[in-house]
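**Student:** using only what follows, build the 3D model:
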Amino acid sequence: MPDVMGHAKSFFDESIPDGAFNQRRGLVQYRNGSSEPPRPDDLLVFTDTKYGHVGIVTEVGDGFVEMIQQNILGRTRQRLSIVVSNGHFFVRAPPRPAGWLRKQIPGP
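**Tutor:** Just a heads-up that it's a prediction; the model follows:
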């Protein structure tokens, strides 16, 4: 990751379009509600608190996404519900991430 500084919430850049390359983080960024579902090894980024939070996707199944995380007492592994609507994937269960980041070569 080119820039490792900042709070967890700064990993997700609201100005970057869905599926575009986040230059600062060296990762492709998808918004919650993207047509691209989260995959194992993606970073889920939560921006709804003062400093935010980041979890690592470990599993995606029918109706859920599972992540591992630190600093959440008693919930180091957590499943969040995921809903598909009109070909778009929404992680719905609280907490709700802003989106996910993925290590890949960006498309054209």
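**Student:** which residues does Asn32 contact?
**Tutor:** Going by Cβ atoms under 8 Å, 6 or more residues apart in numbering, Asn32 touches 89-91, 96-100. For the C-beta atoms, the positions are set from N, CA and C on the backbone; glycine is no exception.
**Student:** cool, Thr76 as well?
**Tutor:** Per Cβ under 8 Å, 6+ apart, neighbours of Thr76: 68-70.
**Student:** and Phe64, by the same measure?
**Tutor:** So Phe64 contacts 79-82 (Cβ under 8 Å, 6+ apart).
**Student:** in the chain, where is pLDDT below threshold?
**Tutor:** 105-108 (pLDDT under 70).
**Student:** please tell me how far Val4 sits from Gly63.
**Tutor:** According to Cβ to Cβ, to the nearest Å, Val4 stands 33 Å off from Gly63.
**Student:** more neighbours, those two?
**Tutor:** Gly63 (11 against 8; other Cβ atoms under 10 Å).
**Student:** could I get the phi/psi values of that one?
**Tutor:** phi 90, psi 10 (degrees, to the nearest 10).
**Student:** wait, it sits on Ser81?
**Tutor:** Yes - Gly63 is in contact with Ser81 according to Cβ atoms under 8 Å; the separation is 6.1 Å.
**Student:** quick one on the thing from earlier: now, the contacts of Phe64 that are in helices?
**Tutor:** If you go by DSSP state H, the contacts of Phe64 have nothing in helices.
**Student:** looking at those, spot the one nearest Gly52.
**Tutor:** Leu80 (15.7 Å; Cβ to Cβ).
**Student:** which one (most neighbours) among the contacts of Asn32?
**Tutor:** Top of the contacts of Asn32 by neighbour count (other Cβ under 10 Å): Trp100, with 29 neighbours.
**Student:** chain neighbours aside, what residue packs nearest to that residue?
**Tutor:** The shortest distance from Trp100 to any non-neighbouring residue, by Cβ to Cβ, 6 or more residues apart in numbering, is to Asp42 (4.2 Å).
**Student:** also Ser81?
**Tutor:** Ala93 (4.1 Å).
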